[in-house]
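**Q** mind folding the following:
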Amino acid sequence: MGKAALIVVDVQRDFCEGGALAATDTLSLLEPLQKCIEAARRAKAAIIYTKDWHPKNHESFETQGGPWPVHCVAGSAGAELMPPLRAETGEVAIHKGVPGVGAGYSGFELTGLEDRLRELMVERVGVSGIAAEYCVRATAMDALRHGFEVTVLTDLIRAVKPSETAKVLEELRNAGAQMATAAQWLERL
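**A** Predicted structure coming up:
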């Protein structure tokens with residue numbers, strides 16, 4: 001088995017309760033996700049954080065005619081990782097949605113993430129984070145397209161609309177992703 005990476009998708013202040021574009025039930029995600037990150041570190045898995053990092057005039061913002069409220073503006077408090085999460089030395093933080101155009105949902109979109117994973121000799125990824133039906137879905141799909149073995153950590157994702165989660169997981173399963181709890185994934189590291 002090749003090296004594994006844990007991809008933590010967009011667990012940022014603006015996507016958590018009280019943020020500009022909060023997903024559902026995100027505060028319950030933080031403690032189990034932090035425990036998973038710590039266990040993955042002990043197992044020598046690579047830790048990758050993706051973060052929306054938008055310019056103030058991103059085309060997806062309502063102020064620019066897009067569908068979303070202003071969120072995760074580069075350098076703002078809302079764009080920071082939600083405590084207690086924080087990248088440690090040697091861990092990778094990917095900024096996505098940096099150009100003013102394009103959705104920027106996937107951690108692979110114009111970020112160099114594939115190259116970073118290849119440099120780290122990663123073959124398997126566990127995908128966690130926010131939001132299941134947008135950025136988690138897009139990141140997992142692109143990881144599959146790039147030939148990585150993908151496991152979606154079903155207990156460590158949160159959705160904007162939880163009623164969409166089962167449909168998204170079925171789509172990912174049909175595309176070739178595996179589904180597992182964090183504990184099940186960690187056992188295979």
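
**Q** the one helix or strand residue 169 maps to packs against which elements?
**A** Element membership for residue 169 (DSSP states H and E) is helix 165-175. If you count contacts as 3 or more CB pairs under 8 Å, 6 or more residues apart in numbering; DSSP states H and E, helix 165-175 packs onto helix 137-145, strand 149-158, strand 178-180. For every residue, glycine as well, the C-beta is placed using N, CA and C.

**Q** in which helix or strand would I find the nearest residue to residue 50 once chain neighbours are set aside?
**A** Nearest residue to residue 50, sequence neighbours excluded (CB to CB, 6 or more residues apart in numbering): residue 107, at 3.8 Å. Assigned by DSSP H and E, residue 107 belongs to no helix or strand.

**Q** distance from stretch 109-119 to the middle of the chain?
**A** 14 Å (CA atoms, centre = their mean, to the nearest Å).

**Q** buried ones in that stretch?
**A** 109, 111, 113-114, 117 (16 or more other CB atoms under 10 Å).

**Q** try stretch 78-91
**A** 78-79, 81-82, 85.

**Q** count of neighbours near residue 45?
**A** Burial measure for residue 45: 23 neighbouring residues, criterion other CB atoms under 10 Å.

**Q** repeat that for residue 170.
**A** Neighbour count for residue 170, taken as other CB under 10 Å: 11.

**Q** swap in residue 30?
**A** 15.

**Q** pretty sure it is touching residue 84, no?
**A** Yes: if you go by CB atoms under 8 Å, residue 30 and residue 84 touch, sitting 6.6 Å apart.

**Q** test my guess that the residue nearest to residue 50 contacts residue 139.
**A** Yes: counting by CB under 8 Å, residue 107 does reach residue 139; the two are 4.2 Å apart.

**Q** lovely, talk soon.
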